[in-house]
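Trainee: Give me a 3D structure for the following:
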Amino acid sequence: MATEVLQSSSPAIEIGPPKIRHFLLLGLAVLLTSAHFLRSGAPALLMVALLCPLLLLSRKRWTLRAVQLLLLGAAAEWVVTGMSFVRARALTGSPYTRLAIIFSLVTLVMLAAAWVLQSKRVVQHFSRALESASVSTGAFALTAILLTFVKLKVSFPMLLIDRFLPGWGWLELVLLACYAAIVAEAMTQKKKRAKWRGRIWQLFSFVFFAQLLLGLAGAERFLQTGVLHLPVPALIVGGPIYRGEGYFMLVLFFSTVALVGPAWCSHLCYIGAWDHTMATRQKRPSEMPKWRRWGRFFALGLVALTALGLRLAGISGPVALGFAVVFGLTGIGLMGTWSRKRGVMTHCTTYCPIGLLATRAGKLNPFRIRIDKNTCTSCMACTKACRFDALSKSDVEKGKPGMACTLCGDCLPRCHSSALSYRFPGLQGPKANVLFIILIVSLHATFLAVARI
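Mentor: Residues are numbered from 1 along each chain as shown. Sure thing, here's the model as predicted:
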């Protein structure tokens, strides 16, 4: 990264294009790693190794960093494999010094290939969009780390390809990391950010429910465990209360809120995308009555007390399921009527108890959107962009969005004076924005891979 900054501040030095010798070590690293995966019977990782250099054809700065990260991953693989071989020989009393030296040299080849790609001639050949390069590289790396943890730690195959072609999940992992990098780069385009957020949110919802429908049609491998439950967000709370167990979804929800705060509601909720689609039928939102802010408190109490009452009364599962169906259909009805009519996400801001938990518990997360009173002109353009009814006139006067804010960021490009920005302790403006995009896009890509009923 220091090289990138130096280049951006020293345009007077003309550096020629890279030559073939700059990529010789990369070629050697690819051949050695491909041979290793071929010998060990890992076709997916063999495919990743062979396709790795093709990323460089895009000449995007993040692809250069992605290849370097993959080379570091290959170096780690050689270290682990070498240690296992050396340990096996040591246990049998066989000589292992020469083997250890060979594996060490191969590991050095991987590291040297990654280091050579940092040379000025190579770096200069790629796009100089430093902000998008940083955010894309961060999204690529974090997505790869999260999915690697899921693949290695979860006892059953969570990545979809692994369910049909065991072992090929590694290829899906790398492709999703690349997808995260591309989306993150698009999200740095301030004027197009709201559209991209809507698109990826709708994509996630489509993939989630498409897998559910395929599973219900008989293709059980599209389901997570085969144990079905209704895809109604309120059941994240109601389900454990009724069953007295099964807190996985609740723990996952609060873990996500801990990372990105209430942004769960504007990026990761599988049904919230429907409400967004209905609300955006109107060009601008209408003013909502103040009493509606208490709607979610009532809904949360209703869900909790109903679930507890059904449990204490010993009501059977099918009857309890009927209550959940009615609650879910009522929410969908609100989307198709009030959200579409008012231009505000009525289901999410008035009816959904999980939305209440996300916005309240989300305040423990340090991310915020703030309004700079010194530059704000009170033009209220931001209000016209907010579908969560979090930027009323009183909110703008206070210098911060209301409690219904989900950090969606749709308001930022609408502000003519750039008074709106993300805040994070120790970071402000662009840097806080980069961190937020990396986190939310990486979680989106991870949820896209593993979120299913």
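Trainee: Got the domain ranges for this protein?
Mentor: 17-127, 129-219+429-453, 220-361, 366-428 (automatic domain parsing).
Trainee: May I have the distance across the third one, first residue to last?
Mentor: Taking C-alpha to C-alpha, to the nearest Å as the measure, domain 220-361 stretches 35 Å from start to finish.
Trainee: chain center to that domain, what's the gap?
Mentor: Its chain's C-alpha centre and that of domain 220-361 lie 20 Å apart, by C-alpha atoms, centre = their mean, to the nearest Å.
Trainee: Same check on the first one?
Mentor: On the basis of C-alpha atoms, centre = their mean, domain 17-127 is displaced by 27 Å from the centre of the chain it belongs to.
Trainee: buried ones in stretch 316-335?
Mentor: For stretch 316-335, the neighbour count (16 or more other C-beta atoms under 10 Å) marks 320, 323-324, 327-328, 331, 334-335 as buried. C-beta: built from backbone N, CA, C; applies to glycine.
Trainee: Could you do stretch 58-72 as well?
Mentor: Using 16+ other C-beta under 10 Å as the test for burial, stretch 58-72 gives 60-71.
Trainee: Quick one: mean pLDDT for that stretch?
Mentor: Mean per-residue pLDDT for stretch 58-72: 93.
Trainee: what's in contact with that stretch?
Mentor: Applying C-beta atoms under 8 Å, 6 or more residues apart in numbering, the external contacts of stretch 58-72 come out as 4, 26, 29, 48, 52-53, 55-56, 110-111, 113-114, 117-118, 122-123, 125-130, 132-133, 136-137, 140-141, 144, 174, 177-178, 181, 185.
Trainee: go on, stretch 428-445?
Mentor: For stretch 428-445, using C-beta under 8 Å, 6+ apart, the contacting residues are 131, 134-135, 138-139, 142-143, 146-147, 176-177, 179-180, 183-184, 187-188, 200, 204, 256, 259-260, 263, 267-268, 367, 407, 409, 421-424, 427.
Trainee: And those, which of them are buried?
Mentor: With burial judged by 16+ other C-beta under 10 Å, the buried subset of the contacts of stretch 428-445 is 134-135, 138-139, 142-143, 146-147, 176-177, 179-180, 183-184, 187-188, 200, 204, 256, 260, 263, 267-268, 367, 407, 409, 421-424, 427.
Trainee: From the buried residues of stretch 58-72, which land in helices?
Mentor: Of the buried residues of stretch 58-72, the ones assigned to helices by DSSP state H are 61-71.
Trainee: Now for residue 287, how many residues are close by?
Mentor: 11 (other C-beta atoms under 10 Å).
Trainee: ok, it to residue 194 distance?
Mentor: Distance, residue 287 to residue 194, by C-beta to C-beta, to the nearest Å: 21 Å.
Trainee: returning to that earlier point: okay, and which of the contacts of stretch 428-445 map to strands?
Mentor: Per DSSP state E, strands hold the following members of these: 421-424, 427.
Trainee: would a markdown table of those with pLDDT and distance to residue 277 be doable?
Mentor: A markdown table is the format used below for those (pLDDT from 0 to 100; distance: C-beta to C-beta, whole Å):
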| residue | pLDDT | distance to residue 277 |
| --- | --- | --- |
| 421 | 91 | 27 |
| 422 | 94 | 25 |
| 423 | 93 | 29 |
| 424 | 94 | 30 |
| 427 | 89 | 32 |
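Trainee: Looking at the residues you listed, which one is closest to residue 78?
Mentor: Nearest to residue 78 out of the ones in strands among the contacts of stretch 428-445 is residue 427 (C-beta to C-beta; 36.3 Å).
Trainee: what's the closest non-adjacent residue to that closest one?
Mentor: residue 435 (6.3 Å; C-beta to C-beta, 6 or more residues apart in numbering).
Trainee: Just the pLDDT for that neighbour.
Mentor: pLDDT, residue 435: 95.
Trainee: ok, now which ones touch residue 215?
Mentor: 221-223, 228, 452-453.
Trainee: right, and residue 188 touches residue 132 too?
Mentor: Yes. Counting by C-beta atoms under 8 Å, residue 188 touches residue 132, with 4.7 Å between them.
Trainee: For the protein, give me the ranges with low pLDDT.
Mentor: 1-17, 128-131, 226-228 (pLDDT under 70).
Trainee: try 50 this time
Mentor: Scanning the chain with the threshold set as pLDDT under 50 gives 1-13.
Trainee: residues touching residue 97, list them.
Mentor: Contacts of residue 97 (C-beta under 8 Å, 6+ apart): none.
Trainee: before we move on, back to that, between the ones in strands among the contacts of stretch 428-445, which is nearest residue 398?
Mentor: Among those, and counting by C-beta to C-beta, the member closest to residue 398 is residue 423, at 14.6 Å.
Trainee: so who does the nearest residue to residue 167 once chain neighbours are set aside touch?
Mentor: Nearest residue to residue 167, sequence neighbours excluded (C-beta to C-beta, 6+ apart): residue 44, at 5.4 Å. Contacts for residue 44 (C-beta under 8 Å, 6+ apart) come out as 165, 167-171.
Trainee: for the buried residues of stretch 58-72, which one is nearest residue 383?
Mentor: Nearest to residue 383 among those, with distances taken as C-beta to C-beta, is residue 62, at 34.9 Å.
Trainee: which residues sit in contact with the residue lying closest to that closest one once chain neighbours are set aside?
Mentor: Once flanking residues are discounted, residue 62 sits nearest to residue 136: 3.4 Å by C-beta to C-beta, 6+ apart. Residue 136 sits next to 60-62, 65, 181-182, 184-185 when contact means C-beta under 8 Å, 6+ apart.
Trainee: redo that, cut-off 7 Å
Mentor: By C-beta atoms under 7 Å, 6 or more residues apart in numbering, the contact list for residue 136 reads 62, 181, 184-185.
Trainee: And the furthest pair within these?
Mentor: Every pair of the contacts of residue 136 checked by C-beta to C-beta; the farthest is 62 and 184, at 8.2 Å.
Trainee: Closest to residue 297 out of the ones in helices among the buried residues of stretch 58-72?
Mentor: Nearest to residue 297 among those, with distances taken as C-beta to C-beta, is residue 62, at 43.6 Å.
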